[in-house]
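**Q** Give me the fold of what follows.
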Amino acid sequence: MAETKIDPRIIRTRRLIMDAFIQLSMSKDFKDITIKDITTEATVNRATFYYHFTDKYDLLEKVLKEDLMTNVIREIAEYDQLNEVTIVSVFLSVTKFQMSLATQCRRSFESFTTTIETIIKKELESIFYQLLLKQHAIEGNESLRIAAVMLSWGIYGTSVDWQHNSTMPPEDYIKLAIPYVTHGMDFLVSEEL
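**A** Here you go, the predicted structure:
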């Protein structure tokens, strides 16, 4: 079966629109960015914008998912096992991503938080689920899915806590929690003894 090749002009135009949106997000609040602003910055017409995206919320989601989260996923993809090193790497990638986004899109960052949270948790859940399947293929898929959800929400929540409540470097912050994450209740019992 022949693979259909996407016209490079379509890819370039989509990239132009996404880049224009990122540029505008650096100087304007998300709520103030209009489709006209985006099309003017990207030098495309409205019909072209709507060919690629349904609205600015769809554009935001795709920029976060396809463009910015790609770096996080690339950094994490090199791991084939879920362990302490992987969890630390995932946490550091997510915090780096969030800090980059907060710095690049300072004015719009607060508007993005709900969308950012949804995308990060969904992507991390998928990554954790795949890692857990590789390690525990004999166990029921539902328990692995639930574990992936817990890990993804936990990592995201921890990264938000670090961002809002900590002054220490993210490497030091996550290392405080790792023994409890990797050894759970067993670590608490051994600490007490």
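**Q** contacts, neighbours, all on C-alpha from now
**A** Fine.
**Q** Just give me the residue closest to the centre of this structure.
**A** Taking C-alpha atoms, centre = their mean, the centroid of the chain lies closest to residue 120, which sits 3.4 Å from it.
**Q** in what helix or strand does it lie?
**A** helix 109-135 (DSSP states H and E).
**Q** Could you pull out the buried residues of stretch 28-45?
**A** For stretch 28-45, burial by neighbour count (16 or more other C-alpha atoms under 10 Å) applies to 29, 30, 33, 35, 38, 39, 41, 42, 44.
**Q** mind listing the helices in this protein by residue range?
**A** In the chain, helices defined by DSSP state H lie at 8-27, 35-42, 46-52, 56-62, 69-77, 84-104, 109-135, 141-165, 170-192, listed in chain order.
**Q** How about residues contacting the fifth one?
**A** Counting contacts by C-alpha atoms under 8 Å, 6 or more residues apart in numbering, the residues outside helix 69-77 that touch it are 86, 89, 90, 93, 94, 97, 120, 123, 127.
**Q** Could you do the third one as well?
**A** Counting by C-alpha under 8 Å, 6+ apart, helix 46-52 makes contact with 14, 17, 35, 36, 39, all of which sit outside it.
**Q** Could you do stretch 5-16 as well?
**A** Outside stretch 5-16, the residues that reach it (C-alpha under 8 Å, 6+ apart) are 42, 44, 52.
**Q** No more questions from me, cheers.
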